[in-house]
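Visitor: with the input below, show me the fold.
(chains A, B, C and D)
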Protein chains: 2
Amino acid sequence: MSPSARRTGRPRSAEADRAILGATRAALVELGWAKLTLGDVAARAGVAKTTLYRRWASKCELVVDAVAAVFDEHLEAGDHGSLHADVEAAVIRLGALLERPETGTALMAVLAEATHDESLRCRVRSAIVDRQKRLVTIGRERARLRGELPREEDPEASARNADLIFDAVAGTVLHRLMVSAEPVDPRWARDFTDLLLYGMTGADAGGAAAAGPAPDGAQKPAGSV
Amino acid sequence: MSPSARRTGRPRSAEADRAILGATRAALVELGWAKLTLGDVAARAGVAKTTLYRRWASKCELVVDAVAAVFDEHLEAGDHGSLHADVEAAVIRLGALLERPETGTALMAVLAEATHDESLRCRVRSAIVDRQKRLVTIGRERARLRGELPREEDPEASARNADLIFDAVAGTVLHRLMVSAEPVDPRWARDFTDLLLYGMTGADAGGAAAAGPAPDGAQKPAGSV
DNA sequence: CCCTTACGCTACGAGTCGTAGCGTAACTCA
DNA sequence: TGAGTTACGCTACGACTCGTAGCGTAAGGG
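Guide: This is a model prediction of the structure:
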């Protein structure tokens, strides 16, 4: 599997890779996870079924790669001027990503399988989760430089906090879409961002902080309301 | 389907129901979702495969009922004295529920299918989600009576807030367990509760994180901070 | 030119699905 | 008590998907 081991012989077709991943996404949209068969994907991609099995050991790994490609296209941690705006943008971006019929569904199904498959869980983590989690670290670092968050002395506690916040953001968005089956619209994104920044007690009080009693520390960006 | 239509004839065996649902949970633990077959469940339960198909139209609906039974056994909204303690208890309870090998996995898989099946989504909602969501409403009402939360004038906004908080609690716990694959231990439950109540700005600043150099022990009596 | 690897194609056994058919068991009502 | 109704167990079945093996061919490297 090392690159040196592939120096010789016919190289794998990169175009076939793109066709297969694209066909996988198309099949996911049309059929959903359960009815998705590798034979169907191969037919859509215009390749032989055996070619699929030579590259991916299972349906799960194929779908992980197919979904990861979509996630990679939309990875951005642009600076929106404030912690509030950064979080809100991340929520909307993640919502738009998971609202796609091929991403959320597939992710849930793969995660379900990953419970019984350690290697699959690692693949999901490195291909999707960790890259998203990096955005949390970047955003928090930026907020610290702005003075919106206190400095973290303990790096271990800092990492724990980043994990917690990532679970909160990604988990809540995912739950909103997959369980509650409600859209991630701008109003919800703002309400959720308020909850994350100011907590239940603060955010609930002033009707989305519009007439809020001015929570200390962070000030609202001009964008909202 | 109405009860009056079942007045006559041989009644369905309630014991068979219990055996089937129990066998489904056992099979989920052993085999996981993907390898779970209805034939296997029937064999474990000691019933004929046809009996299964007479009662449940699909594997999904069977699993929903099997998982819902577990959830129902652990529905409790006990008063723990404060909003913080109530939330923390709910987080731990939900975590313990989803940490079971038969619940989290199955729930994820069923939700993935529910994307393409409206009736299945309704079944999940009424059998599991709505009952859990009621606990949020109860807890918030109690907190309001304690004076920990302001009164909600607008009932529509109140319902929106309850939905948001439920998505946040359930989604974050689910994400922690299924995606991050980390346990819902007491320390994490406390950190998350702090985040929910006081927000990123508040919880990060004051919590135990900054206080102790390395509070590895993690045995922290309830109600501190 | 030989070696190596990838590809397309076909065919196959194994396994699951969901249903049909039949005889029997359990319960209700007249 | 007997007739009607529904549930159950069992067997068998066609249809489908899976994952692999075998073969000949295409595409690069030493």
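Visitor: can you tell me the closest non-neighbouring residue to A:E148?
Guide: A:L83 (4.5 Å; Cβ to Cβ, 6 or more residues apart in numbering or on different chains). (Glycine included, C-beta is placed from N, CA and C.)
Visitor: mind listing what A:G22 touches?
Guide: For A:G22, the set of contacting residues under the criterion of Cβ atoms under 8 Å, 6 or more residues apart in numbering or on different chains consists of A:45, A:66.
Visitor: skip the chain neighbours and tell me the closest residue to A:I92.
Guide: Once chain neighbours are set aside, the closest to A:I92 by Cβ to Cβ, 6+ apart is A:A189, at 5.0 Å.
Visitor: may I see the buried residues of the biggest helix by length in chain A?
Guide: Determined from DSSP state H, the single longest helix within chain A is helix A:155-178. Under the neighbour-count criterion of 16 or more other Cβ atoms under 10 Å in any protein chain shown, helix A:155-178 has A:157-158, A:160-178 buried.
Visitor: does chain B sit close to that helix?
Guide: Yes - using Cβ under 8 Å from any Cβ of the partner chain, we find that helix A:155-178 touches chain B at A:156-158, A:160-161, A:163-168, A:170-176, A:178.
Visitor: centre of the chain versus that helix, how much separation?
Guide: Put simply, helix A:155-178 sits 11 Å off its chain's centre (Cα atoms, centre = their mean, to the nearest Å).
Visitor: stretch A:33-49 too?
Guide: Computed by Cα atoms, centre = their mean, the chain-centroid distance of stretch A:33-49 equals 25 Å.
Visitor: got it, and stretch A:115-129?
Guide: In terms of Cα atoms, centre = their mean, the gap separating the centre of stretch A:115-129 from the centre of its chain is 14 Å.
Visitor: contacts for that stretch next, please.
Guide: A:58, A:60-61, A:64-65, A:67-68, A:71, A:107, A:110-111, A:113-114, B:32, B:34, B:101, B:104-105, B:108, B:178-181.
Visitor: could I have the buried ones of these as PyMOL selection syntax?
Guide: Selecting just the buried residues from the contacts of stretch A:115-129 in PyMOL takes one command, with 16+ other Cβ under 10 Å as the test:
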select buried, (chain A and resi 60+61+64+65+67+68+71+107+110+111+113+114) or (chain B and resi 32+34+104+105+108+178+179+180+181)
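Visitor: from the contacts of stretch A:115-129, which ones fall inside helices?
Guide: By the criterion of DSSP H, membership of those in helices covers A:60-61, A:64-65, A:67-68, A:71, A:107, A:110-111, A:113-114, B:104-105, B:108, B:178.
Visitor: report the two of the residues you listed separated the most.
Guide: Distances among those were taken as Cβ to Cβ; the most separated pair is A:D65 and B:G104, at 24.0 Å.
Visitor: pLDDT score for A:A205?
Guide: Among the per-residue scores, A:A205 holds a pLDDT of 40.
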